[in-house]
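Q: 3D model of this:
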Amino acid sequence: MSYDADISFEYFAPTKVIFGVGSVAELPMTVASLGSKALLVTDAGLMESGLAAGIRQKLGDQLAGVYADVPQDSGMDVVDTGAELALSSGADVVVSLGGGSVIDTAKGICIVMTEGGSLRDHQGMQMLTRPQTPHVVLPTTAGTGSEVTSGAVVMDHKQGQKIIIFEHYNTPRVAILDPRLTETLPPDLTAATGMDAMTHAVESYVSQQRNPISDAAALHAVRLIRTYLPRAVQNGQDLAARGQMQIAALLAGWAFSNAMVGLVHAMAHSLGAVCGIPHGLANGLILPHVMEFNLSETPGLLADIGMAMGVANQGMSSAAAGETAVREMRAFVRQVGLSQRLRDLGVTEQIMTQCAELSLSDGSIIYNPKMVATAEEVLELYHKAY
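A: This is a model prediction of the structure:
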């Protein structure tokens, strides 16, 4: 990796991280340090599994209420309803238990609790001027990195598009990473969320906004995911693998929240908005094809990815090592069980055409290392994943 002499950047990573098996026991003390009453934000599946009941018990008298109506792809109205419940219950802290959709919903709730109105009133990037409601995150997946990022992705059903909100003032205050909270995640979701983290790492490493700190986090995340995701998929009770995947997702989250992501995310966001394909699954299916697309612009950077995955070495040319990285990523996606094609998920030519157009207006695309000028270029990549 190399940088020009005039390099300049900012790096922002304010979240306190508490990691370890059993670390969820730190929750009551953490909430007490930030406020007095907490709204627990979660989803129906975690209510049914019993995980949410355990968190409610730990909070005890600190629990102001529970908001469990968060769907897979949360929306503006879901956020606004949750904020109304939080305010009416007297909550001054938000605790989120779940994956990316739950965490992003909680981020939106924190904004509306502090700023008022609707989340629609606060769309944009770095629009806030003061710290928002304190937010403690308990991730139940290892993929999104949302527990340490300033971004939230929320569906705007009126526009038919996912909206990205980036606000440093709304970054979660504390992330409690307890591997036991991910122990029951089924293999397919373990694989999909793990590929979300891998995509964050790869895209941030080749991003036009990359920097030395994000690069270090991204490359180590790639190493950890390459080693531990297959183990976590094969044996969900492997707490060492579960824990290392949580760390990898966090590192990738820190990397992409500073360096941003690129074309893979633009395409995956569009598939999610149009036909509801889970974000991590979409990322995993598209990532190798976009890596190949970017290869002409970033052979050296993809060579580094190949070395982090253990398949390239210093004796190779950058081009050869980069090609090896692309081949290995394709094999890795299959290894963790994501062998689907877009056609298997009900995607049609019409949907791909619509998503190609939508991808061009996604904010992630501007950070891609290779410029994307037309919807036809994006459509060709969808066809490769078809």
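
Q: surely Leu46 is within a helix?
A: Yes - under DSSP: H, G, I helix; E, B strand; the rest coil, Leu46 sits within a helix.

Q: that one contacts Ser101, correct?
A: No - using CB atoms under 8 Å, Leu46 is not in contact with Ser101, being 11.5 Å away. C-betas here are computed from N, CA, C, even on glycine.

Q: overlap in contacts of those two?
A: When CB atoms under 8 Å, 6 or more residues apart in numbering defines a contact, no residue borders Leu46 and Ser101 alike.

Q: and the helix-or-strand element of the chain with minimal mean pLDDT, what other elements does it pack with?
A: In the chain, the helix or strand scored least confidently by mean pLDDT, DSSP states H and E is strand 161-166, which has a mean of 82. Counting contacts by 3 or more CB pairs under 8 Å, 6 or more residues apart in numbering; DSSP states H and E, strand 161-166 packs against helix 100-115, strand 151-156, helix 263-275.

Q: possible to save the ones you listed as JSON lines with mean pLDDT and mean neighbour count?
A: Output for the helices and strands packed on strand 161-166, formatted as JSON lines (pLDDT from 0 to 100; neighbours: other CB atoms under 10 Å):
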{"stretch": "helix 100-115", "mean pLDDT": "96", "mean neighbour count": "26"}
{"stretch": "strand 151-156", "mean pLDDT": "87", "mean neighbour count": "22"}
{"stretch": "helix 263-275", "mean pLDDT": "95", "mean neighbour count": "26"}
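
Q: possible to save those as JSON lines with distance to Met195?
A: Converted to JSON lines, the helices and strands packed on strand 161-166 look like this (distance: least, CB to CB, whole Å):
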{"stretch": "helix 100-115", "distance to Met195": "13"}
{"stretch": "strand 151-156", "distance to Met195": "16"}
{"stretch": "helix 263-275", "distance to Met195": "10"}
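
Q: how about low-confidence regions in this structure?
A: Scanning the chain for pLDDT under 70 picks out 1.

Q: now the element after the longest helix belonging to it, going C-ward?
A: Across the chain, the longest stretch assigned as helix under DSSP state H is helix 212-234. Next along the chain after helix 212-234, taking DSSP states H and E as the criterion, comes helix 239-259.

Q: packing partners for that next one?
A: When contacts are defined as 3+ CB pairs under 8 Å, 6+ apart, helix 239-259 sits against strand 16-19, strand 174-177, helix 187-206, helix 212-234.

Q: and the last one, what's buried?
A: When neighbours are counted by 16 or more other CB atoms under 10 Å, the buried residues of helix 212-234 are found to be 214-215, 217-226, 228-233.

Q: among the helices and strands packed on helix 239-259, which comes closest to Ala91?
A: Minimum separation from Ala91 across the helices and strands packed on helix 239-259 (CB to CB) falls at strand 174-177, 15.8 Å.

Q: strand partners of that closest one, parallel vs antiparallel please.
A: Here strand 174-177 has these sheet partners by DSSP bridges: strand 16-19 (parallel), strand 135-139 (parallel).

Q: now do the longest one against helix 187-206: the angle between them, please.
A: Using axes from the mean of the first three to the mean of the last three CA atoms, to 10 degrees, the inter-axis angle of strand 135-139 relative to helix 187-206 is 120 degrees.

Q: can you list contacts of strand 135-139?
A: Here strand 135-139 makes contact (CB under 8 Å, 6+ apart) with 24, 27, 30-31, 34, 38, 55, 93-99, 103, 106-107, 110, 146-147, 170, 172-178, 181-182, 246, 249.

Q: any idea how far it is from the chain center?
A: Offset of strand 135-139 from its chain centre (CA atoms, centre = their mean, to the nearest Å): 14 Å.
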